[in-house]
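J.: Show me how the following folds:
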Amino acid sequence: MSRTNDKSLKEAIEQMLSVYKLKRKFDETALIAFWPEMVGKSVANRTTNIYVRDRRLYLRLESSVIKHELLMMRTQIIDKLNEHAGSKVIDEIVFL
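T.: You can find the predicted model right below:
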């Protein structure tokens with residue numbers, strides 16, 4: 001027997017994360033973990049630094065060619081990352 005105000009475990013965890021302001025940090029960490037899957041091993045292996053601060057994804061790449069390619073695809077990358085997160089987590093990409 002279930003009551004109408006019962007929440008699924010997923011909903012309860014999401015509410016708790018949101019209440020404790022952890023959801024954004026959780027989403028940011030998940031996006032960093034998703035980076036190799038999204039861009040592939042060759043690009044991920046040349047990404048020497050990646051972190052999120054103030055809704056910006058910061059990347060340091062060893063290859064200027066890859067950096068230029070990603071720069072040209074910046075909008076698509078942001079869209080794909082936010083789609084993966086299920087919310088708008090990243091507004092901008094900054095190349096270091």
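J.: which residues of this protein fall in strands?
T.: In the chain, the strands defined using DSSP state E lie at 47-53, 56-61, 92-95.
J.: right, and these - which one's nearest Glu37?
T.: Taking Cβ to Cβ, strand 47-53 is the member of those nearest to Glu37, at 12.5 Å. Placement of C-beta: from N, CA and C, glycine included.
J.: distance between that closest one and the chain's centre?
T.: Taking Cα atoms, centre = their mean, to the nearest Å, one finds strand 47-53 lying 11 Å from the centre of the chain it belongs to.
J.: what does it rub up against?
T.: 28, 31-32, 35, 39, 57-62, 89-90, 96 (Cβ atoms under 8 Å, 6 or more residues apart in numbering).
J.: now the angle between strand 56-61 and that strand, please.
T.: Put simply, strand 47-53 runs at 170 degrees to strand 56-61, going by axes from the mean of the first three to the mean of the last three Cα atoms, to 10 degrees.
J.: From the contacts of strand 47-53, list the buried ones, please.
T.: The neighbour-count test (16 or more other Cβ atoms under 10 Å) marks Glu28, Leu31, Trp35, Val39, Leu57, Leu59, Leu61, Val89, Ile90 as buried among the contacts of strand 47-53.
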